[in-house]
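# got a predicted structure plus its sequence, pasted below:
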Amino acid sequence: MEYAIEMRNITKRFGKVVANNNINLFVKKGEILSLLGENGSGKTTLMNMLSGIYYPDEGEIFVEGKRVEIQSPKDAFDLHIGMIHQHFKLVDVLTAAENIILGLNESTLVDLKRVKKAVAEICDRYGFVVEPDKKVYEMSVSEKQTLEIVKVLYRGADYLILDEPTAVLTPQETRKLFSVMRNMREDGKSIVIITHKLHEVMEISDRVAVLRKGEYIGDIMTSDTNPQQLTDMMVGRAVRLNIDRPQSDAVSERLRVEHLTVTDIEGVKKLDDVSFTAFGGEILGIAGISGSGQRELLEAIAGLQNEHSQGTVTYINNGVEMKLTGMDPLDIIKNGVLLSFVPEDRFGMGLVGSMHITDNVMLRSYRRGKSPMLDLKYPHKLAQKIVNDLEVVTPDIDKIPLRRLSGGNVQKVLVGREIEQSPTVLMTAYAVRGLDINTSYTIYNLLTEQKMKGVAVIYVGEDLDVLLELCDRILVLCAGKVSGIVDGRNTTKEEVGLMMTHLGKPAHEEAKA
Amino acid sequence: MTQFISLFTTAVRFGSVIMFGAMGEVLTEKSGQLNLGVPGIMYLGGICGLIGSFLYELHSPAPSGTVGMIIALVCALAASALGGLVYSFITISLRANQNVTGLTLTIFGSGIANFFGASLNKMAGGVGQISVALTSRAFRWTQPLTDGLGVVDKLLFNYGFMAYLAVALAILLSWVLNRTSVGLNLRAVGENPATADAAGINVTKYKYMATCIGAAISGLGGLYYVMDYINGTWANDGNIEALGWLAVALVIFATWKPARTIWGAYLFGALYWLYNFIPGLNRSSQEIFKMLPYIVTMIVLISVSLRHKREDQPPMSLGLPYFREER
């Protein structure tokens, strides 16, 4: 049987990280294939090799049975492969029609009349609505996505790849998208949809292929499977990590979050009515597919989302309550709240890459100084302590810019600096992302040490195995809402996995919808 | 009436100089390249045109104005395009900072032009100034057909050919940018090079071409100044640099639209020379009037920011280098 597209033994590495390991995937003519997997499982990387963004290190690609080399997006167009990226590739100040013909050079003069006619034909055929004269910056996200699809079809694509197309759409818009996808399938086009939403997989696709941590797990006809089986394939069996998890006997209420709602600039609710309590002497894990509101949650607590958030955050220390709502980070410090935050974006929010360790440590303590001159001795001592305690490998703490250190050492400096503030609340976002096993364990132990000192630790993580062994309780977020809070010692990977994808706790009303 | 005609014609001649500079820079900036070397490039165009025609007039036994003019044009275009090429190589291929490179080009251009300008003046005999009278006359030649039209002739048909060339070029550029596929691709490169790249447009090629052609056009401003505005002479007075910065201001005033540089340039010319026609000004109060073009530019900048119309904003990736790896 000849497949529309076949990828054989594809391997792609980024440095030491293997993003795709020996993957075999095929797409049949006239089918909708779901490519399912957690974040970081290598779905987008694999598809980028079809669209010419990346080139595979090993393996072969066949289109209609013929072996092809795809070196650039243009090669992909020529093979009638079109990909709609998560971040749209559109020029804002140009109109829809102008974006569609960009780079094609069909004629010396731009012939918009002909383009509009062709676009209208495509729209009629599949049920799109595109206003050719509308500028992209005036369009909604859904309109931009439609334009991207029409653009790809105008260029003659027969194989379409959609990278998490529903992430930015409302349910109504999603339904519209699915109906045009079905129309395209009827027309003989092959479609790959990258997603991690199980109900969408069940609704739209003919077949599902599952990736996990860069490995190809298998494929199955949608009609022969169910969400439970797909979740098992997606998260895999639990792995024992043997992270030490002692129980603290001094557990007390530390941070109470009530009805927290965060809205982004475009009016989309990133966090929706989130309530929970964090206790001193425990690690509260936050699980969820990335972009479910983790970032907004931590930033709202840290006072970085005041303009866009509603609800209250209450800090409790020795029985004294204080409302943090409306305070910016400086207010929080001035009020004596010892809140430490290890953000996801190390160099963007946490550290300055071109400064050395001592200066970076000083960012947290320069306010102590009373004289106009900097006190360099204290931060230098502190930096030396962090380097010694956490075994940071660096030639010199006062000379080498932080950017030149490896990711693990940079993270140690950041975590070390935040811990040295002797916090009462310690929030970390993806604290071990990109770190090797040993460094990861160092960080886990540091967090546990803080917990035993009575600190309320909030750990946002992506690896379920780690969350299950490190955290006392796990709060699961799903599309900005609390899907549930489970006991880390008595839950299973499957339970958390299902809660992340909407199908978890029956008490959660979203699951029924 | 005479005063008005005089102000009008001065404004047109002055405006033509900066119109060339601004048009070239509009083209360059549309590709996302912020070339602050415009004054330097105008200097290069001016001095090289002058050197070419001077050497021709000096060595030819029977020099002709037309040939001198062609030589001057070729020299000016080649020199200023070369300036653009150097700038392109440093900023596009080596990805150096565009502001620093542009300012360096301005300093380089003005230095080299004033050095050779002074040497030419010396070569020309020491006492007087250098003058390429024949060539300059060819540049300033006006067609005789409309001589009988009186005021209309004086206002509209009494300029050297380059003043008309400026207007024609502005209209042509406007047409290319807005109506042709090449123009569309170029605008996309300046707005969002990653998108242009993904659409199969050769970003590097477009940036090189726009910068070099833009520089060549800017250089014509310097040539027009030397050959027409100051009658084929040279003075180390820094005027070209001042005009170059006015051209950069005009780009902003015209909100990156070549057609708007036409009336914008004439308006700048009129404002700049207004002091000559207002009685009772002394040397110091004149200078306040010379500020008018810059003040108008600031007002435009403020009003454009307040209206926040996307079409009037600079190209979105202006001044930013493009790396393909950073998708």
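It's in.

# could I get the full set of helices for the stretch 1-150 of chain A?
For the stretch 1-150 of chain A, applying DSSP state H, counting those that start in this stretch gives helices covering A:43-50, A:73-78, A:96-101, A:112-126, A:141-154.

# show me the shaky parts of chain B.
B:126-128, B:325-327 (pLDDT under 70).

# once you drop chain neighbours, what's closest to the residue in it positioned nearest to chain A?
For chain B, the residue closest to chain A is residue B:199, as judged by C-beta to the nearest C-beta, at 3.4 Å. For every residue, glycine as well, the C-beta is placed using N, CA and C. Nearest residue to residue B:199 in three dimensions, chain neighbours excluded: residue A:103, at 3.4 Å (C-beta to C-beta, 6 or more residues apart in numbering or on different chains).

# same check on residue A:415?
For residue A:415, the nearest residue in space outside its immediate sequence neighbours is residue A:342; the separation is 5.6 Å by C-beta to C-beta, 6+ apart.

# check the gap between the one you found and residue A:81 for me.
Going from residue A:342 to residue A:81 by C-beta to C-beta, to the nearest Å gives 41 Å.

# verify the stated contact: the residue nearest to residue B:199 with residue B:182.
No: using C-beta atoms under 8 Å, residue A:103 makes no contact with residue B:182, being 10.9 Å away.

# looking at those two, which one has more neighbours?
residue A:103 (22 against 18; other C-beta atoms under 10 Å in any protein chain shown).

# ok, the more buried one - contacts?
Contact analysis of residue A:103 by C-beta atoms under 8 Å, 6 or more residues apart in numbering or on different chains lists B:185, B:188, B:196, B:199-201.

# what sits against the residue in the stretch 401-513 of chain A positioned nearest to chain B?
Chain B sits closest to residue A:403 of the stretch 401-513 of chain A, with a gap of 16.0 Å, by C-beta to the nearest C-beta. Counting by C-beta under 8 Å, 6+ apart, residue A:403 touches A:347, A:353-354.

# now do 7 Å
Neighbouring residues of residue A:403 by C-beta atoms under 7 Å, 6 or more residues apart in numbering or on different chains: A:353-354.

# helix, strand or coil for it?
helix (DSSP: H, G, I helix; E, B strand; the rest coil).

# on that earlier part again, so residue A:342 and residue A:81 - more neighbours on which side?
Higher neighbour count among residue A:342 and residue A:81: residue A:81, with 28 against 24, using other C-beta under 10 Å.

# how many other residues sit next to the closest residue to the more buried one other than its chain neighbours?
The shortest distance from residue A:81 to any non-neighbouring residue, by C-beta to C-beta, 6+ apart, is to residue A:159 (4.8 Å). A count of neighbours around residue A:159, defined by other C-beta under 10 Å, yields 23.

# what's residue A:159 sitting at in phi/psi?
Main-chain torsions, residue A:159, degrees, to the nearest 10: phi -120, psi 120.

# and for residue A:275?
phi -130, psi 140.

# you'd agree it is up against residue A:258?
Yes: Residue A:275 is within contact range of residue A:258, at 5.0 Å (criterion: C-beta atoms under 7 Å).

# how much space between the residue of chain B closest to chain A and residue B:106?
Using C-beta to C-beta, we find residue B:199 at a distance of 34 Å from residue B:106.

# and the two? which has more neighbours close in?
More crowded of residue B:199 and residue B:106, by other C-beta under 10 Å: residue B:199, with 25 against 22.

# residue A:227 against residue A:200, yeah?
No: using C-beta under 7 Å, residue A:227 makes no contact with residue A:200, being 10.8 Å away.

# now do the contacts for the nearest residue to residue A:479 once chain neighbours are set aside.
Spatial nearest neighbour of residue A:479, excluding adjacent residues (C-beta to C-beta, 6+ apart): residue A:292 at 5.9 Å. Residue A:292 makes contact with A:477-480, according to C-beta under 7 Å, 6+ apart.

# in strands, which of the residues you listed fall?
Judged by DSSP state E, strands contain the following of the contacts of residue A:292: A:477-478.

# need the contacts of residue A:292 in CSV (columns: neighbour count).
Output for those, formatted as CSV (neighbours: other C-beta atoms under 10 Å in any protein chain shown):
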residue, neighbour count
A:477, 25
A:478, 24
A:479, 20
A:480, 22
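
# tell me the least confident of the contacts of residue A:292?
Confidence by pLDDT is poorest for residue A:479 among these, given 83.

# and the residue of chain A closest to chain B?
Distances between chain A and chain B by C-beta to the nearest C-beta are smallest at residue A:103, namely 3.4 Å.

# buried stuff in stretch A:269-286?
Of all the residues in stretch A:269-286, those buried under the rule 16 or more other C-beta atoms under 10 Å in any protein chain shown are A:269-272, A:274, A:276-286.

# residue B:29: which of those is nearest?
Closest approach to residue B:29 among the buried residues of stretch A:269-286 (C-beta to C-beta): residue A:270, at 36.7 Å.

# can you pull the contacts of the closest one?
For residue A:270, the contact set (C-beta under 7 Å, 6+ apart) comprises A:262-264, A:293, A:296, A:480.

# just those residues: which has the poorest pLDDT?
With pLDDT as the yardstick, residue A:264 is the minimum among these, at 81.

# what's that residue sitting at in phi/psi?
Main-chain torsions, residue A:264, degrees, to the nearest 10: phi -90, psi 180.

# all strands for the stretch 1-150 of chain A, in order.
Using DSSP state E, counting those that start in this stretch, the strands of the stretch 1-150 of chain A run over residues A:5-14, A:17-27, A:32-36, A:58-63, A:66-68, A:81-84.
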